[in-house]
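sequence and computational prediction follow.
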Amino acid sequence: MAEPISSGARVAASAPASDRLDGVSAPARALTQRAMQALQQRDGAGAERALRGALSAHADHPELLRLLAVALRLQEKNADALAALEAAARRRPQDALIQNGLGTALEALGRRDDAIAAFRRACELAPNAGELWANLGKSLSDHGDFDAALPVLERALGLIDHRTSRLRLAYALRVLGRTDEAAARYRDMVARDPTDGAAWLGLASLKTRPFASADVDAMRAALARNVNVDDRISLGFALAKAEEDRGDYAQAFAALETANALTRRMRPWDRVQFSAHVDAVLAAFAQPLDGAPNGQGDEVVFMVSMPRAGSSLTEQILASHPQIEGAGELDDLTAVILAESARREQVFPAWVGAATSADWLRLGQEYLARTARWRRLGMRFTDKLPGNWLRLGAAFAMLPGARAIDCRRDPLESCLSCFRQLFIEGAQAFSYDLADIAAYWRDYDRSMAHWQRLFPARLRVQHYEDLQREPEAQVRELLAFCDLPFDAACLDYTATARSVRTASASQVREPLMRDTARAHKFGALLDGLRADLGLAPFRA
């Protein structure tokens, strides 16, 4: 991820660093120096103490206030940090670093549009500061505006040599379907550093572009060197893809086992605890609740699934319809539930039994306010966060008019695909051990059976294999479920221009393949997973 500008970073602003403390007395400068050392060590509390000492003599000095905001941000005191920065900006409105700090604080508080405006203002004030352009590019990318992010990231890279921005630019190209350009960017990074695991993994993520034997040799040589654990994990997943490309499934599985084991040690998963949580959710929603009374949410189509089960393809098909916006993986439902849990000081689902119809109405309105950018008059929009399967009871109580699609794939293929994927920033912590994946699938499967019993008219099961076998018939049924007329554009979904921010970004640009099964190629190596899923052993 791109690094925000901080007091310890190389200063790139319109005024020299020495001028930023003009008017500060020698004792206060000494305290400020102590604070900056604490910030370099990420000691926010220590830096705050020193800066408040300096501010006792210079209460409204803009640079001291900016540094105080950095210290407060380190302690997650985001509202206080924003107040300090706003005071600094009133004193020094043309200061690029203060504007950059405002962007960081606003983003932490969820004020996306205000944050981007502040980052843009910082770039206007210091147009040759590559770090500031990198921050703006990061913010635009993080919020899915990849069309706007591309020229910003290119501008940053024209000013500074910044590896994270190079990765972010390649990812943006991939998301936008510019696969050849993305591949060229990743290849350039590999040429710069053959041990760059993230770049190799980026190439592997372009699933429609096979690796060559020379790539396998290069990755094995990189792994033989003393690379850090993150690069080792990324290289391992990329190597597995490369071994599959040349048909050596035993070597691919060995690479996957090693890379997944390393990842799981860093990100442990408690399957027993998770299953207990699932039990609690299903008990809390044993029967349909008296939800919001006004039928709100008719425009919302939730899409839930196991990861890597075809939900991106299904969303791409739906988003090709002129009356559907494909919003992708939104975290808004999770955010609304977490905020209510914080308000009640009870974890979800402990408070569900006490929630009234008015509460569900309010929560649904909060969700609709958060997703306003995706809502258009007369339009539907898709919310495709896979893990929302566990929150469907709450979603339907908040939004009685909403629908949900359960995107299903053959369980063995779905679980294997999870094991083959290194998810961004360690998401899907269950996916790095085959027994954990099988346990997660069982919890998902029983939960979806429960929701299907409670809400048969509001929940459609969409099998990936059915889409492969009879695409037009399935598309017609999908659209009818969404109460929309058939549109032939949904059959030509590869022509739909939109960003896809999932592991399937490259695949949804390709025509639908009739046979994507690969579990049989791994043969008996997957018999443990087959047993955990209640399936028969492999037969050649």
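Yep, it's here.

so how far is residue 116 from residue 129?
Computed as C-beta to C-beta, to the nearest Å, the residue 129 to residue 116 distance reads 17 Å. Quick note: C-beta positions are derived from backbone N, CA and C, even for glycine.

can you pick out the residue with more neighbours from those two?
Neighbour tally, residue 129 and residue 116, criterion other C-beta atoms under 10 Å: the higher count belongs to residue 129, 24 against 19.

can you pull the pLDDT of the more buried one?
On pLDDT, residue 129 comes in at 96.

for it, what are phi and psi?
In this entry, residue 129 is assigned phi and psi values of phi -90, psi 100 (degrees, to the nearest 10).

isn't it right next to residue 96, touching?
Yes. In this structure, residue 129 is within contact of residue 96 by C-beta atoms under 8 Å, at 6.3 Å.

now the helices: where do they sit in the stretch 351-500 of the chain?
Listed in chain order, the helices found in the stretch 351-500 of the chain under DSSP state H, counting those that start in this stretch are 357-370, 392-398, 411-419, 434-454, 464-469, 471-481.

okay if I get the ones you listed as TSV plus mean neighbour count and mean pLDDT?
Shown next, in TSV, are those (neighbours: other C-beta atoms under 10 Å; pLDDT from 0 to 100):
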stretch	mean neighbour count	mean pLDDT
helix 357-370	18	96
helix 392-398	26	97
helix 411-419	23	96
helix 434-454	19	98
helix 464-469	17	93
helix 471-481	16	96
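
dump those into JSON lines; add distance to residue 335 as well.
As requested, those are exported to JSON lines (distance: least, C-beta to C-beta, whole Å):
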{"stretch": "helix 357-370", "distance to residue 335": "7"}
{"stretch": "helix 392-398", "distance to residue 335": "12"}
{"stretch": "helix 411-419", "distance to residue 335": "24"}
{"stretch": "helix 434-454", "distance to residue 335": "21"}
{"stretch": "helix 464-469", "distance to residue 335": "29"}
{"stretch": "helix 471-481", "distance to residue 335": "27"}
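
closest one to residue 304 among these?
Nearest to residue 304 among the helices of the stretch 351-500 of the chain is helix 392-398 (6.6 Å), distances taken as C-beta to C-beta.

counting contacts, what elements does the closest one pack onto?
Contact partners of helix 392-398 among helices and strands, from 3 or more C-beta pairs under 8 Å, 6 or more residues apart in numbering; DSSP states H and E: strand 300-305, helix 332-344, helix 357-370, strand 403-408, helix 434-454.

closest one to residue 47 among these?
For residue 47, the closest of these is helix 332-344, at 27.2 Å, according to C-beta to C-beta.

out of the helices and strands packed on helix 392-398, which comes closest to residue 192?
Evaluated over the helices and strands packed on helix 392-398, closeness to residue 192 peaks at helix 434-454, with 34.9 Å, by C-beta to C-beta.

what does that closest one contact?
For helix 434-454, the external contacting residues (C-beta atoms under 8 Å, 6 or more residues apart in numbering) are 264, 269, 271, 274-275, 278, 281-282, 285, 287-288, 304, 306, 389-390, 392-393, 404, 406, 411, 414-415, 418-419, 430-431, 459, 461, 526, 528-529, 532-533.

residue 155 touches residue 133, doesn't it?
Yes. In this structure residue 155 lies within contact range of residue 133 using C-beta under 8 Å: 4.9 Å.

the two: which is more packed in?
Taking other C-beta under 10 Å, residue 155 and residue 133 do not tie; residue 133 has more neighbours (30 against 19).

neighbours around the nearest residue to residue 136 once chain neighbours are set aside, how many?
In this structure, residue 136 finds its nearest non-sequential neighbour in residue 119, 4.0 Å apart by C-beta to C-beta, 6 or more residues apart in numbering. Using other C-beta under 10 Å, residue 119 has 28 neighbouring residues.

distance of residue 119 from residue 125?
According to C-beta to C-beta, residue 119 and residue 125 sit 11 Å apart.

per-residue confidence at the spatially most central residue of the chain?
The centroid of the chain falls nearest to residue 424 when counting by C-alpha atoms, centre = their mean (6.7 Å). With respect to pLDDT, residue 424 has a value of 82.

which ones are touching it?
Contacts of residue 424 by C-beta under 8 Å, 6+ apart: none found.

so where's the chain shaky on pLDDT?
1-18, 426, 495-515 (pLDDT under 70).

care to break it down by domain?
1-142, 162-266, 273-410+420-514 (automatic domain parsing).

nearest to residue 538, out of those?
Of the domains of the chain, nearest to residue 538 by C-beta to C-beta is domain 162-266, at 12.0 Å.

now do the closest one: distance to the chain's middle.
How far domain 162-266 lies from its chain's middle: 19 Å, per C-alpha atoms, centre = their mean, to the nearest Å.

re earlier: and for residue 119 and residue 125, which residues touch both?
With C-beta under 8 Å, 6+ apart as the test, residue 119 and residue 125 both reach residue 99.

check the gap between residue 66 and residue 138 for me.
Taken as C-beta to C-beta, the span from residue 66 to residue 138 is 19 Å.

brain fart, residue 291
38 Å.

and what of residue 34?
Separation of residue 34 from residue 138 (C-beta to C-beta): 30 Å.

residue 201 touches residue 240, doesn't it?
No. Residue 201 is beyond contact range of residue 240, at 10.5 Å (criterion: C-beta under 8 Å).

neighbour count winner among the two?
It is residue 240, of residue 201 and residue 240, that has more neighbours when counted by other C-beta under 10 Å, with 27 against 22.

how about the more buried one, nearest residue that isn't a chain neighbour?
Per C-beta to C-beta, 6+ apart, closest to residue 240 is residue 255, 4.0 Å.

for the residue nearest to residue 385 when sequence neighbours are not counted, pull up the helix or strand it's in.
Counting by C-beta to C-beta, 6+ apart, residue 385 lies nearest to residue 329, which is 4.7 Å off, once chain neighbours are set aside. For residue 329, there is no enclosing helix or strand under DSSP states H and E.

give me the number of residues near residue 329?
Residues near residue 329, counting by other C-beta under 10 Å: 20.

out of the helices of the stretch 351-500 of the chain, flag the one nearest residue 90.
The nearest among these, by C-beta to C-beta, is helix 357-370 at 29.5 Å.

so the closest one versus helix 332-344, what angle?
130 degrees (axes from the mean of the first three to the mean of the last three C-alpha atoms, to 10 degrees).
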